[in-house]
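Colleague: Give me the fold of what follows.
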Amino acid sequence: MRVPAAARWFQILPQRRPTLRLRRLVAVVASASLLAGVIGVAPAALAKSESDGTCQLQSEKGDIKHVIYLQFDNTHFLRDNPNVPSDLEQMPHLLNFLRDNGTLFTNDHTMLISHTGGGILSTLTGLYPDRHGQAVSNSYRYFKADGSTASSSSFKYWTDLVDDTGNPPADPLPNMVNGDTGTPRNAPAPWVPFTRAGCDFGAAAVANVVLENTGTGPNGDMTKVFGQGSAEWNEAVASNAAPANTAARTLAQTDFVGMAIHCAAGGGICKDNPKARPDLLPDEAGGYSGYLGLFGAKYVNPAINGGNATMNDLAGQPITDPFGQPGFPGFDGLFASTTLSYIATMQEAGIPVTFGYISDAHDGHGAHGEQHIAYGPGQQAYVDQLKAYDDAFKAFFDRLTADGINKANTLFVVTVEEGDHFVGAAPTPSGCDGVNVACNYSLLGEVNGNLQGLLKTQKGVTTPFTVHSDMAPTIYLTGNPSRTAAVTRDFGRALAGLRTTNPYTGNVDDLTAALADPVEMDALHMITADPQRTPTLTMFAHPDYFLFASGAACDVPGAPSCITVPTNLPTFAWNHGGIVPEIATTWVGYVGPGIRQRGQDDTTWTDHTDVRPTMLGLLGLSDTYDSDGRLVIETLEPWAIPNDVQAHNQAWRKLATTYKSITAPFGEFGQRTLAISTTAIRSGSSADDSTYTELQGKLADWTARRDTLAERMRTLLNASVFDGQAINEQEARHLVSDANALLGEVRSIGS
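Modeller: Residues are numbered from 1 along each chain as shown. Next up is the predicted model:
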């Protein structure tokens, strides 16, 4: 979910990349008429986006006029309990829409570490975290000059800094950092190809595409967007100073956070709107001057809703904050009925490209996102919430159909950023299915573990450190010692040996499932262009556990246990971040012109980065960089596959699948090297660390070779889709052969 790990009761803790060529800027030629051949279009709804020909989507047959992208949070295709229908099964109007009209891929995968922020941003950009900066999310830590650490949030507007409150900043690099040019800069923004093509881009709560805070400091969002001393800035100053838990304290967020329209060249819906502000992207390749945006529901609502300040959800209820103020309800208040209403209204207002975020259904969020109560599979409130989501999708599709927005003229993409591992007692009654018989839980909630106490009592380790609390905690040893320093190696070996009794099962669990230091983090795309963010160690824990660090004594006489299960509400029962299949394996559905009606595909291996090149390939648009993803041709009609890909179909597919096997974090290379990394960090002693040295040397060599191969493969794949360059089959065969040889070496060590 969107709440940073910092809010989960405990302290939050959180360079190289080879320079990659920038893709050429693609000039988009205006179509004489974008309305030709569209059947059943409602003129009132589509007047701005189609009849004036400003939005120049260049799909192969010119038949895609609208783009609707929906990003779920923690919503599952796989069943969490074999007796209880999954989230998607309980939303048949969505599930059937995807399977009956397009392709639903159920073997999609996350990046690492698997979290909301990083997952969404990899999908939006087509980049792994080393190239967009959010390798650790939804918050992260970074080293300061004195060797201590500070925390930051992954959820910031696209151009925000790591430290946007310090003066001077303790880390002045962009939150969304990218090192492709050889110098740390801001990652390219995902709306740019659309607005350069003349299409307004509407966003409802999509991570970092909207304002995420009401900061009024020199680098705060309100200062950068609206300017110091503006009416908006003054409102934020007053709101931020108001008493906590009051309407006044919430007002600025309600007005300015969470909603945005990035307007096309020439102004789009921003034209002649006095509330529009410059859409500033100073690091964008090719420049981005003269573009405007509308930021916040205070200005978005009237622009799309006939001048009305209040939007209604699909059930006709006003969308408000917890105090009844019209505007953004908060990131945990984006129920399906709310987000889908925004998407439909934006489309009807002539915004042809719309991206929306939908809150998870397995937590109770209250009426306006003001609560957090975890539900277990089949629990009545969970089932009821999924029923409300399903009703919203029926209303949404009916409304779009009435508007003439349908699979014949619209590209629909629906996906999720991660899966979850449920932690709780067995449900009662036995065999409950949640549909006919509700499930009840005597206890649910992640098992909380105090790493600092466990290390001290079990291993005698008192090395000072901070931690980004998580199921996959990243650990920062104070002083930032090297990975080979004795203190680091002793700490890693101790961490690998922690064991504890599981309160739910009574089993003695090995707490550590896998370990990575910076060598393996590089293999997993976790080393960004900001060296201050690189953790000392990353621990992937047993999936039941959420780990933190506290100096409070535990597991000693008179002190509480280092392992607890919270019995008070609110609580968290859905764990993510780790490497187990229910977290790593996700889904994505495509519907629209050029998409084959294949139903459900459980076989094709994809991951988050593949969504963007597939969308842009269908739309005839291009980024200014090579994507880490690949075009998912398995979902495309033959006529929608670029000629240079179709002409070398077999060689292209082999290259694409081999590429993913060596570069994706959950591909074979990533998972095998993680196992070897774990062995290396566990190994040795202060007297003999030769096994660690040998294995880490191999990992570093393999990763360097992988990077070289992957870059060459990526260049060929992207050029064939976006630049019209046919693949050299001989080169492709050599690359595949070299990649298989590399995998063979990795297998020989890991077997």
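
Colleague: drop to CA atoms for contacts and neighbour counts, all remaining ones
Modeller: Will do.

Colleague: Distance from the chain centre to the helix or strand containing I749, please.
Modeller: Using DSSP states H and E, I749 maps to helix 729-750. Centroid displacement of helix 729-750 relative to its chain, using CA atoms, centre = their mean, to the nearest Å, is 30 Å.

Colleague: List the buried residues for it?
Modeller: 732, 735-736, 739, 742-743, 746 (16 or more other CA atoms under 10 Å).

Colleague: What helices and strands are in contact with it?
Modeller: Applying 3 or more CA pairs under 8 Å, 6 or more residues apart in numbering; DSSP states H and E, we find helix 729-750 packed against helix 649-663, helix 668-682, helix 690-722.

Colleague: Could you dump those helices into a markdown table with distance to G445, mean pLDDT and mean neighbour count added?
Modeller: Listed next are these as a markdown table, based on distance: least, CA to CA, whole Å; pLDDT from 0 to 100; neighbours: other CA atoms under 10 Å:
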| stretch | distance to G445 | mean pLDDT | mean neighbour count |
| --- | --- | --- | --- |
| helix 649-663 | 34 | 97 | 20 |
| helix 668-682 | 28 | 98 | 23 |
| helix 690-722 | 36 | 98 | 19 |
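
Colleague: and R141, which of these is closest to it?
Modeller: Nearest of the helices and strands packed on helix 729-750 to R141, taken as CA to CA: helix 668-682 at 22.1 Å.

Colleague: Convert that closest one to CSV, retaining C-alpha atoms only.
Modeller: Only the C-alpha atoms of helix 668-682 are listed here, as CSV (Å, rounded to 0.1, in the frame of the first residue of the first chain):
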residue,chain,number,x,y,z
GLU,A,668,17.3,-17.0,-13.7
PHE,A,669,20.5,-15.0,-13.4
GLY,A,670,19.2,-12.8,-10.6
GLN,A,671,17.8,-15.6,-8.6
ARG,A,672,20.7,-17.9,-8.9
THR,A,673,23.3,-15.2,-8.1
LEU,A,674,21.2,-14.2,-5.1
ALA,A,675,21.5,-17.8,-3.8
ILE,A,676,25.3,-17.7,-4.4
SER,A,677,25.5,-14.3,-2.7
THR,A,678,23.8,-15.7,0.4
THR,A,679,26.2,-18.6,0.5
ALA,A,680,29.1,-16.2,0.3
ILE,A,681,27.9,-13.9,3.0
ARG,A,682,27.2,-16.8,5.4
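
Colleague: quick one, which of the helices and strands packed on helix 729-750 is nearest to L495?
Modeller: That would be, of the helices and strands packed on helix 729-750 and by CA to CA, helix 668-682, which comes in at 8.4 Å.

Colleague: That closest one - contacts with which helices or strands?
Modeller: Other elements packing on helix 668-682 under the criterion 3+ CA pairs under 8 Å, 6+ apart are helix 486-496, strand 512-516, helix 518-523, helix 649-663, helix 690-722, helix 729-750.

Colleague: Show me the contact partners of that helix.
Modeller: Contact with helix 668-682 is made by 489, 492-493, 496-497, 514-517, 520, 523-524, 661-665, 691-693, 695-696, 699, 743, 746-747, 749-750, as judged by CA atoms under 8 Å, 6 or more residues apart in numbering.

Colleague: Might you list the low-confidence residue ranges for the protein?
Modeller: Residues of the chain meeting the criterion pLDDT under 70: 1-53, 569-570, 751.

Colleague: go again using 80 as the cut-off
Modeller: The model of the chain has pLDDT under 80 over residues 1-53, 567-570, 750-751.

Colleague: Show me it divided up by domain.
Modeller: Using automatic domain parsing, the domains assigned to the chain come out as 447-515+535-569, 642-751.

Colleague: G267: which of those domains is closest?
Modeller: For G267, the closest of the domains of the chain is domain 642-751, at 27.0 Å, according to CA to CA.

Colleague: G306 - how many residues pack around it?
Modeller: 9 (other CA atoms under 10 Å).

Colleague: er, A472 I mean
Modeller: Neighbour tally, A472, other CA under 10 Å: 30.

Colleague: ok, now D544?
Modeller: Neighbour number of D544 under other CA under 10 Å is 24.

Colleague: Hmm, it is touching V423, no?
Modeller: Yes. With contact defined as CA atoms under 8 Å, D544 reaches V423; the gap is 5.8 Å.

Colleague: Overlap in contacts, the two.
Modeller: The contact lists of D544 and V423 share 446-447, 575, where a contact means CA under 8 Å, 6+ apart.

Colleague: just to revisit the earlier point, I'd like the domains of the chain laid out as TSV, including distance to L386.
Modeller: Output for the domains of the chain, formatted as TSV (distance: least, CA to CA, whole Å):
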stretch	distance to L386
domain 447-515+535-569	21
domain 642-751	29
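
Colleague: Quick one, which of these gets closest to P218.
Modeller: domain 447-515+535-569 (26.9 Å).

Colleague: Go through stretch 484-492 and flag the buried ones.
Modeller: Applying 16+ other CA under 10 Å to stretch 484-492 flags 488-492 as buried.
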